[in-house]
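>>> give me coordinates for this.
(chains A, B, C and D)
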2 protein chains.
Amino acid sequence: MSKPPARIRLADAAFALFDERGYEQTTVDDIAERAGVGRTTFFRHYRSKEAVIFPDHDRLLELIRDRLATSSHRTALVAVSDAVRLVLLHYIEEGDLARRRYALTSKVSALRDREIASVARYQRLFREFIADWMGDPTKSASLRAELMAASVAAAHNHVLRRWLRGESADPVTELDEAMGEVLALFPAPGAPADGDGGGTTVVAFRTGQDLDALLPSLRRLVEGETGR
Amino acid sequence: MSKPPARIRLADAAFALFDERGYEQTTVDDIAERAGVGRTTFFRHYRSKEAVIFPDHDRLLELIRDRLATSSHRTALVAVSDAVRLVLLHYIEEGDLARRRYALTSKVSALRDREIASVARYQRLFREFIADWMGDPTKSASLRAELMAASVAAAHNHVLRRWLRGESADPVTELDEAMGEVLALFPAPGAPADGDGGGTTVVAFRTGQDLDALLPSLRRLVEGETGR
DNA sequence: CTGTAATACGGTACTCAGTACCGTTGAGCG
DNA sequence: CGCTCAACGGTACTGAGTACCGTATTACAG
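Numbering: from 1, shown residues only, chains lettered A, B, ... in the order given. Coordinates of the predicted model:
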């Protein structure tokens, strides 16, 4: 009968009690007691009662920062896409835990607010990165950076919530599609990949014709020539 | 020597103390004492310590809801613009108070989080309204509603913050410009711009091959078939 | 085996936000 | 004058979060 570490026991106890009695009706003492530890130990592992539900937003923020940092000017948009995918994958890896958290944040407004604040921090990273990428600190450029960051975050949240609700079987490709739609909203600035040295390139077009008519030819075009 | 009502004295005392000692270093007792009232009276006028800074978000929410409700299908976008302008005007009317609040939310993360949560509620109203307006509950339509709402909110925040920082002399027309830019991002669904009734379609791909090799074929593909 | 340093833990006591309840005051009004 | 109603003040409580102190366990050097 080897016990799991206190940190895990606390999280398990917290989620169980939140399910049974609700969030506000559960005190930190209750959680600590069920986990078989003292109250002090709870606060040693989690900074607050809310933090037991959102354990590693800080780590996730660092991941995003790192991914964005390792990108050249040319690959900026790829970095954004990758970083967003990173966040989604993080939630997916959590699996059922993420869904239980979603159920809680849907009911308890204090938790929903906290979640929103976390998302805003991601969005801020994206905004700063995009603004930096665009250079040009004019009024309209910074508005565009703001819009882009907001759209990127919104697209991610949209796909994430669909997956959390069980409405999406393949959230990763859904995210790619959504990101494509977002990037298509914003015409590429500067001189996008003029005489570039090759490598992966992101292309976006807007056209008036039907998607279904266009798709097969495009797929042939891309896949045929890359040999994938 | 007629005293202003307690509600005002409390707000004044709160802002003064927050400026002097900082937010966390000020207790509710301090505020009540400086205002010359009891602690109970503070909580009678403001639900929480934070609420003394954000007095009427609820009222503002109602204003938005009302403005959105009084609109036909045709005038939906106008209603959105109006509602957003309503929020901006509300802040402008507050004048210096809004700027002091901004100074506080810039320093104290707890207050910034609360502000963000409030904005999220506005955004939610817009998202629901836009989704409702578009009808069509398909995956891509609800994503578009989400993106639009996020962009609308982002545009508003952008202009508002510029004004709060004293970077904008005429925020109202700036907002109109920004809203115009936002709405330009999203082709009107009801009246397709092209003659083909199918609406504009946006496609994005990622490929490993060189952009220059891809561009001519793509251009032929798109332009050749649309006749543009 | 023994002293010691590091780590994790439990307990107590405190501050402060927020809630509940009760008694008091004062203004208006018959 | 007696009544009512609203605003207020005081007391007491719960619960989150912090600070501090003492203790058990482990590991490791001697």
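
>>> from now on I want contacts and neighbour counts done on CA atoms only, so please keep to that.
Noted.

>>> quick one: the helices in chain A?
Secondary structure of chain A (DSSP state H): helices at A:6-21, A:28-35, A:39-45, A:57-69, A:76-94, A:96-107, A:109-134, A:139-164, A:171-185, A:211-226.

>>> can you put those helices in CSV and add mean neighbour count?
Shown next, in CSV, are those (neighbours: other C-alpha atoms under 10 Å in any protein chain shown):
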stretch, mean neighbour count
helix A:6-21, 17
helix A:28-35, 18
helix A:39-45, 15
helix A:57-69, 15
helix A:76-94, 17
helix A:96-107, 16
helix A:109-134, 19
helix A:139-164, 22
helix A:171-185, 21
helix A:211-226, 13
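
>>> now those as JSON lines including mean pLDDT and distance to residue B:54?
As requested, the helices of chain A are exported to JSON lines (pLDDT from 0 to 100; distance: least, C-alpha to C-alpha, whole Å):
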{"stretch": "helix A:6-21", "mean pLDDT": "94", "distance to residue B:54": "30"}
{"stretch": "helix A:28-35", "mean pLDDT": "97", "distance to residue B:54": "29"}
{"stretch": "helix A:39-45", "mean pLDDT": "97", "distance to residue B:54": "30"}
{"stretch": "helix A:57-69", "mean pLDDT": "91", "distance to residue B:54": "27"}
{"stretch": "helix A:76-94", "mean pLDDT": "94", "distance to residue B:54": "32"}
{"stretch": "helix A:96-107", "mean pLDDT": "94", "distance to residue B:54": "23"}
{"stretch": "helix A:109-134", "mean pLDDT": "94", "distance to residue B:54": "15"}
{"stretch": "helix A:139-164", "mean pLDDT": "95", "distance to residue B:54": "24"}
{"stretch": "helix A:171-185", "mean pLDDT": "94", "distance to residue B:54": "33"}
{"stretch": "helix A:211-226", "mean pLDDT": "46", "distance to residue B:54": "47"}
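
>>> mind checking how far the residue nearest the centre of chain A is from residue A:103?
When C-alpha atoms, centre = their mean is applied to chain A, the residue found nearest the centroid is residue A:87 (3.6 Å). Per C-alpha to C-alpha, to the nearest Å, residue A:87 is found 19 Å from residue A:103.

>>> cool, residue A:187 as well?
Separation of residue A:187 from residue A:103 (C-alpha to C-alpha): 38 Å.

>>> can you pull the contacts of the nearest residue to residue A:115 once chain neighbours are set aside?
In space, residue A:115 comes closest to residue A:105 once its chain neighbours are excluded; the distance is 7.5 Å by C-alpha to C-alpha, 6 or more residues apart in numbering or on different chains. Shown in contact with residue A:105 (C-alpha atoms under 8 Å, 6 or more residues apart in numbering or on different chains): A:111, A:112, A:115.

>>> nearest to DNA strand D, of the helices of chain A?
helix A:28-35 (4.2 Å; C-alpha to the nearest atom of the strand).

>>> any residues touching that closest one, and which ones?
Outside of helix A:28-35, the residues within contact range by C-alpha under 8 Å, 6+ apart are A:6, A:9, A:10, A:12, A:13, A:14, A:17, A:38, A:39, A:41, A:42, A:49.

>>> same thing with stretch A:124-142?
Here stretch A:124-142 has contacts from A:64-65, A:68, A:73, A:76, A:80, A:145-146, A:148-150, A:189-190, using C-alpha under 8 Å, 6+ apart.

>>> from the chain's centroid, how far away is that stretch?
In this view, stretch A:124-142 has its centroid 20 Å away from the chain centroid, taken as C-alpha atoms, centre = their mean, to the nearest Å.

>>> check stretch A:45-59 too.
Worked out by C-alpha atoms, centre = their mean, stretch A:45-59 lies 17 Å from the chain centre.

>>> can you check stretch A:10-22 too?
Distance of stretch A:10-22 from the chain centroid (C-alpha atoms, centre = their mean) equals 25 Å.

>>> quick one, phi psi at residue A:135?
Residue A:135 adopts backbone torsions of phi 70, psi -110, taken as degrees, to the nearest 10.

>>> what about it, how many residues close to it?
12 (other C-alpha atoms under 10 Å in any protein chain shown).
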